[in-house]
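Novice: here is a sequence with its predicted model. Questions after.
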Amino acid sequence: MTRELETALRESFSSDAQAVTGPPDPWARFTRRAATRRRKRRLRGAVLAAALGVLVGVQTNVVPLPGWAPGIALAGQPPAFAGVPTRGELAGDKAWLAGLRRQVKDVSDPDGLWKVTDRDQIRIVYAGDIPGRRVAILHRRLRLGLITVWDRAYYYGPPGATPAQMEEGANTEADLPVATFTYGGYKNGGGALVVGPPDATVALSLGFVYSPAGVIERRPLPLASRDGVATAALPASPRDPQPYARVTQGGKVIFEAGISNGWHFGDDGDPARTTDAALAKARDGARGTPIAADVLAWFVHLGFEDSQVPVRDATLRVLWSGQVNGEAAVLYTIQPPGGGVIAYAMHGTATSARYDLRLLLPADGAYTRPLAWRMRADGRDDPTDRVYVVAPPGAARVTVTVGTGGPAAVALDASGFGAGAVPPDQPAKVTAYAADGRELATTPIPPFERSMGDLPGTTPGTRIVN
Amino acid sequence: MTDDDTFREFVVRQWEPLSRTAYLLTRDRALAEDLVQSALEKTHRHWRRIERVDSPEVYTRRVMINTAISWRRRRKWAEVPLLPSDEGGHADPYGQADNRHLLLRALRDLPPRTQAILVLRYFEDRSEAEIAQLLGCSAGSVKSQASRGIARLRTLLGQEGASSSSTTLLGGLA
């Protein structure tokens, strides 16, 4: 058994690593990045030199400093929850908290080893049990030379864990006003923890709907938060229950976001799989050159998985398919019953795919508006000025307008597909016109997504509401 | 050949293999490149000594791996590349990718040091003694951590991935 797992590990590592290729000229890449980093170091060094003159040797850790020595607080931002007592059921267990402080690790990064300055100064924000896990959230002061920073670390262990059983799971900036922790899987469910300021109110929601207006509506979870802390059990589910937190303080929303850190999935009856019949039906009315069935199946699978829309009862429509950058490409939509419409553009193969567009649209008019998406360089993340456009059925022409500039016509092929150019950092829109010159519809061209961690429609760049 | 020439040759030769290991350690291409760059810069600073006294490859890897184990930045695990090597001629277009997703999710539940040991053992094919040299610990510690890591993976996959695809992955284990 172990040998089979070892073989699987070898194969998985080998496959994943193949995706990483070096630049054509590694030396040029190295020297360019080294020059940039030297500039940054010089800037930092200049600031220090002005303040401290001869103590450069200290900053470079040539001369080690004791933990109690004063340091320069980087960015000057104190940690959140300053002066707030530890919360959680272990708050009064001094022996456990002391054990945890001894367990806290130093941290290294490319600049060097950041050492915990003084373990007695570690501020434990929360220590207690959530369903299925013991969790501790703490702030530690780290020192590298003369620079000190506060850092927030998340430790977790099994229920009832001793301090020695607690492992560091992640770390973030310490000044964030809210700390969250979640875990779970399809079989046993999981738990969520939200820690805000003591006088804050925490609301959690599980699940959501894509409303027909083109926004995501959440389902609140009956929950009592106390002292700014809320915990919840996450039910076993084949899909990530997408816990979403909203924290208010004095009537002001100080945090609102999805807090999932991932979910263990099973694939019994994979809810993101479509049948051949559903795929064939989805092609009705599609324009462009037909896309291979296995590639379409894969792309659609990814869309259902990404949108978290159950395949059952959803409406799937292929609007266009063809070629992009020499690979199969498709623009398709997923619509949950009575809900908004999520458009996806992807290109790739049956085993590799690139998301080019994720956009939640209002149900009304979703299929009669032009859609356009910006392209990143293939194999890299660099934005390009290339924009692809698909006109709605019945459109005679399409224009792309950049910022406040004038509209530029886009040449369309027989399938209603065309390419335009938009500077990556400029807002733009695409407009479709009928043969008689009448404007049919206009759609903003979404900006490049920086993170795909949330559902489509979560951020303004991934939804259109008019 | 000058020191600069030999270091340049080292960078050209090592960039890609280092990047691959760095990627497996971070699952983030940008972080991986940062790791490689940082490790190479540190190597460059001590090149003359390292080249003559130490093994440059071991030194650079040691710096890179120890940095990755306790990086101050929060790790992200969003990226699971889909590769031509998943092609394999099988009829199910999802199967292998699903397996890899399951395995990656289980891997990310392991402590960073254990993950690094598994990458060194099963990707770089290094012996326990070599890994111990890289991590600055005993071969016994490497052996026990690798063993615990595999056992934990088996448990996690059994708990969370007990399904048709993980059955394939584990050869009927689940």
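Specialist: Happy to help now that I have it.

Novice: with just CA atoms, put the lengthiest helix in chain B into PDB.
Specialist: Scanning chain B for the helix with the most residues, using DSSP state H, yields helix B:3-26. Taking Å, rounded to 0.1, in the frame of the first residue of the first chain, the C-alpha atoms of helix B:3-26 are listed here in PDB:
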ATOM      1  CA  ASP B   3      34.200  33.200 -10.300                       C
ATOM      2  CA  ASP B   4      31.600  35.100 -12.100                       C
ATOM      3  CA  ASP B   5      31.700  32.700 -15.000                       C
ATOM      4  CA  THR B   6      31.300  29.700 -12.800                       C
ATOM      5  CA  PHE B   7      28.500  31.300 -10.900                       C
ATOM      6  CA  ARG B   8      26.800  32.200 -14.200                       C
ATOM      7  CA  GLU B   9      27.100  28.600 -15.400                       C
ATOM      8  CA  PHE B  10      25.700  27.400 -12.100                       C
ATOM      9  CA  VAL B  11      22.600  29.700 -12.400                       C
ATOM     10  CA  VAL B  12      21.900  28.600 -15.900                       C
ATOM     11  CA  ARG B  13      22.300  25.000 -15.000                       C
ATOM     12  CA  GLN B  14      20.300  25.100 -11.700                       C
ATOM     13  CA  TRP B  15      17.500  27.600 -12.300                       C
ATOM     14  CA  GLU B  16      15.000  25.200 -13.800                       C
ATOM     15  CA  PRO B  17      15.600  22.200 -11.400                       C
ATOM     16  CA  LEU B  18      15.500  24.600  -8.400                       C
ATOM     17  CA  SER B  19      12.400  26.200  -9.700                       C
ATOM     18  CA  ARG B  20      10.600  22.900 -10.000                       C
ATOM     19  CA  THR B  21      11.500  21.900  -6.400                       C
ATOM     20  CA  ALA B  22      10.500  25.400  -5.300                       C
ATOM     21  CA  TYR B  23       7.200  25.200  -7.000                       C
ATOM     22  CA  LEU B  24       6.400  21.800  -5.400                       C
ATOM     23  CA  LEU B  25       7.300  23.400  -2.000                       C
ATOM     24  CA  THR B  26       5.200  26.500  -2.500                       C
END
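
Novice: for it, what is the average pLDDT?
Specialist: Helix B:3-26 comes out with an average pLDDT of 86.

Novice: show me what counts as buried in that helix.
Specialist: B:7-8, B:10-11, B:14-26 (16 or more other C-beta atoms under 10 Å in any protein chain shown). No exception for glycine: its C-beta is placed from N, CA and C like everyone else's.

Novice: can you confirm B:R148 is in a strand?
Specialist: No. The assignment for B:R148 (DSSP: H, G, I helix; E, B strand; the rest coil) gives helix, which keeps it out of a strand.

Novice: just give me the neighbour total for it.
Specialist: 14 (other C-beta atoms under 10 Å in any protein chain shown).

Novice: again, but for B:I65
Specialist: Using other C-beta under 10 Å: B:I65 sits among 25 other residues.

Novice: ok, it to chain A distance?
Specialist: 11 Å (C-beta to the nearest C-beta, to the nearest Å).

Novice: that residue in helix, strand or coil?
Specialist: B:I65 is classified as helix under three-state DSSP.

Novice: that one against B:L118, yeah?
Specialist: No. Under the criterion of C-beta atoms under 8 Å, B:I65 is not in contact with B:L118, lying 11.9 Å apart.

Novice: now do the SS call for A:R246.
Specialist: Going by three-state DSSP: A:R246 is strand.

Novice: is it bridged to anything, and to what?
Specialist: A:A203, A:E256 (DSSP bridges).

Novice: report the contact partners of it.
Specialist: A:202-205, A:253, A:255-256 (C-beta atoms under 8 Å, 6 or more residues apart in numbering or on different chains).

Novice: closest one of those to chain B?
Specialist: A:F255 (16.6 Å; C-beta to the nearest C-beta).

Novice: picking that back up, buried residues in whichever helix or strand comes after the longest helix of chain B, which are they?
Specialist: Proceeding N to C from helix B:3-26, the next assigned helix or strand is helix B:29-45, under DSSP states H and E. The neighbour-count check on helix B:29-45 (16+ other C-beta under 10 Å) flags B:29, B:31-44 as buried.

Novice: show me the domain layout of chain B.
Specialist: B:3-69, B:94-169 (automatic domain parsing).

Novice: least reliable of those by average pLDDT, please.
Specialist: domain B:94-169 - the lowest mean pLDDT of the domains of chain B, at a mean of 73.

Novice: on that earlier part again, which among the buried residues of helix B:3-26 are in contact with chain A?
Specialist: Of the residues in these, proximity to chain A by C-beta under 8 Å from any C-beta of the partner chain holds for B:8, B:11, B:15-16, B:19-21, B:23-24.

Novice: lowest confidence element among the helices and strands of chain A?
Specialist: helix A:56-59 (a mean of 42; mean pLDDT, DSSP states H and E).

Novice: tell me which element A:V84 falls in.
Specialist: Using DSSP H and E, no helix or strand contains A:V84.

Novice: isn't it right next to A:P197, touching?
Specialist: Yes. Here A:V84 reaches A:P197: they are 7.3 Å apart, a contact under C-beta under 8 Å.

Novice: how near is A:A435 to chain B?
Specialist: Following C-beta to the nearest C-beta, the distance that separates A:A435 from chain B is 41 Å.

Novice: which residues does that residue contact?
Specialist: Contacts of A:A435 by C-beta under 8 Å, 6+ apart are A:A396.

Novice: which SS state does it fall under?
Specialist: Per three-state DSSP, A:A435 ends up coil.

Novice: and for A:N261?
Specialist: coil.

Novice: what's the helix or strand for the closest residue in space to it that isn't next to it in sequence?
Specialist: Leaving out its chain neighbours, the residue that sits closest to A:N261 by C-beta to C-beta, 6 or more residues apart in numbering or on different chains is A:T182, at 5.0 Å. With secondary structure defined by DSSP H and E, A:T182 is part of strand A:179-185.

Novice: what does B:L118 give?
Specialist: Going by DSSP H and E, B:L118 is part of helix B:112-122.

Novice: other SSEs contacting whatever helix or strand comes next after that helix?
Specialist: For helix B:112-122, the following helix or strand on the C-terminal side (DSSP H and E) is helix B:128-135. Where contact means 3 or more C-beta pairs under 8 Å, 6 or more residues apart in numbering or on different chains; DSSP states H and E, helix B:128-135 is packed against helix B:56-69, helix B:112-122, helix B:139-160.

Novice: among those helices, which is the most enclosed?
Specialist: By mean neighbour count, with neighbours taken as mean count of other C-beta atoms under 10 Å in any protein chain shown, helix B:112-122 ranks first of the helices and strands packed on helix B:128-135 at a mean of 23.
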